[in-house]
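K.L.:
The following comprises the amino acid sequence and a computationally predicted model.
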Amino acid sequence: MAFVRPRSDMNGPELSELPDEAPQLRPPVSELRRRALQELPAVRTLSDGFLIRFLRARDFDNTRWRMCKENIRGPKLPEISGCLSPSSVLGLLASSYHTVLPRRDHAGSRVLVYRIGQWNPKDWSAFQVFRVSLMTSELISMETQTQRRGLKVIFDLSGWSLGHALQINPSLGRMISSVLSDSFPLKVRGIHLVNEPIFFRPVFAMIRPFLPEKIKQRIHMHGADFHDTLSDFFSPDVLPPEYGGEGLGIEEACGHWTNHLLQSERLLQQISVHPTADVAVAPEDCLRLDGTQEEPFSDG
């Protein structure tokens, strides 16, 4: 039997690589639960799986528990998180607005794509648009590999208009930035903007001050020549042909992820009602991005 070092000899990244059931994880999980129940007495249920997500997001540093605390306190945007229903935004999803690409990048990160031009601001509010992001985040944050390796996001701003800009006010920008940086258990490894027009910059300048310095350093603006520069960050097999790669086409990738969200409707509703508890995953809730069956939230 291989020798496993005691927890005291293991650093945060090493602990993060252990499976959820590893005995070395019991002390930090118990400590985070004790602290949460002590400081937030109204909380009744905190599952191990819920707590481990936040510990992995902070490399098992229990002193940096603000993210978990803010999440447990409850949603700052009930207009978004109060209805985690993919069918409520089906028209937006059907427009091929968003996808999680089938292949992870070279570091194991999930790669998300948002196509702003597919969002018609006359039909869908910024709250509804952000709800799509929250639902995706809930699902991928249950993947152990994503907890460890985080995510990278590509925002395609082709089609950005005044109508989009008018949806983003300072209050919403501040709240959304807070949710992304302070209360959700996912490591943002990179944010890539492509096709960004000049008149997008005032909106970005409004949101940027609320972002942590670490996130600011991971923002890359590629402009219209993104085919050349995105390849510095992603291998060809990851990206769709529309973004200079050799992977699945963007329309097909969006369709697969939309189907996955719709198949996860019951699961997302359970999360909405019991966000800090373990949730039951039915077999029909678990589909690969290519539409075939898989084990619940497999990282393949």
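P.N.:
Looks like it came in fine.

K.L.:
what about the strands in the stretch 51-200 of the chain?
P.N.:
Secondary structure of the stretch 51-200 of the chain (DSSP state E, counting those that start in this stretch): strands located at 98-100, 110-115, 151-156, 188-194.

K.L.:
Give me whichever of the ones you listed is most buried.
P.N.:
Among the strands of the stretch 51-200 of the chain, ranked by average contacts under mean count of other CB atoms under 10 Å, first place goes to strand 98-100 (a mean of 24). To be clear about C-beta, it is placed using only N, CA and C from the backbone, and glycine gets the same treatment.

K.L.:
tell me the average confidence for that strand?
P.N.:
When pLDDT is averaged over strand 98-100, the result is 98.

K.L.:
now the strands of the stretch 51-200 of the chain in a markdown table, with distance to residue 241?
P.N.:
Converted to a markdown table, the strands of the stretch 51-200 of the chain look like this (distance: least, CB to CB, whole Å):
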| stretch | distance to residue 241 |
| --- | --- |
| strand 98-100 | 14 |
| strand 110-115 | 13 |
| strand 151-156 | 14 |
| strand 188-194 | 14 |
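
K.L.:
mind checking which of the ones you listed is nearest residue 16?
P.N.:
Evaluated over those, closeness to residue 16 peaks at strand 188-194, with 14.2 Å, by CB to CB.

K.L.:
Off-centre distance for the helix or strand that that closest one is followed by?
P.N.:
In the C-terminal direction, the helix or strand that comes right after strand 188-194 (DSSP states H and E) is helix 201-207. Its chain's average C-alpha position is 21 Å from that of helix 201-207, according to CA atoms, centre = their mean, to the nearest Å.

K.L.:
please renumber so the chain begins at 882
P.N.:
OK, 882 is where the count begins now, so the last one is helix 1082-1088.

K.L.:
which helices and strands does helix 1082-1088 pack with?
P.N.:
helix 1051-1063 (3 or more CB pairs under 8 Å, 6 or more residues apart in numbering; DSSP states H and E).

K.L.:
How about the contacts made by the residue nearest the centre of the chain?
P.N.:
In the chain, the C-alpha closest to the average C-alpha coordinate belongs to residue 1018, at a distance of 3.2 Å (CA atoms, centre = their mean). If a contact means CB atoms under 8 Å, 6 or more residues apart in numbering, then residue 1018 has 1065, 1067 as its contacts.

K.L.:
quick one: it and residue 1109, what's the gap?
P.N.:
Spatial separation of residue 1018 from residue 1109 under the definition CB to CB, to the nearest Å is 30 Å.

K.L.:
can you check residue 985 too?
P.N.:
Per CB to CB, residue 985 is found 22 Å from residue 1109.

K.L.:
same question, residue 906
P.N.:
Residue 906 sits at a distance of 43 Å from residue 1109 (criterion: CB to CB).

K.L.:
same question, residue 932
P.N.:
Going from residue 932 to residue 1109 by CB to CB gives 43 Å.

K.L.:
For residue 998, which residues are in contact?
P.N.:
Residues in contact with residue 998, defined by CB under 8 Å, 6+ apart, are 1037-1041.

K.L.:
Report pLDDT for it.
P.N.:
Predicted confidence (pLDDT) for residue 998: 94.

K.L.:
Over to residue 1003?
P.N.:
93.

K.L.:
do the one 3 residues further on as well
P.N.:
Turning to residue 1006, the model gives it a pLDDT of 89.

K.L.:
How about residue 1110: what's its closest non-neighbour residue?
P.N.:
Of all residues not flanking residue 1110 in the chain, residue 1103 sits nearest, at 4.8 Å (CB to CB, 6 or more residues apart in numbering).

K.L.:
wait, the one you found sits on residue 1111?
P.N.:
Yes: look at residue 1103 against residue 1111 with CB atoms under 8 Å: they come within range, at 6.2 Å.

K.L.:
so what sits against both of the two?
P.N.:
1073, 1075.

K.L.:
I'm done for today, thanks for sticking with me.
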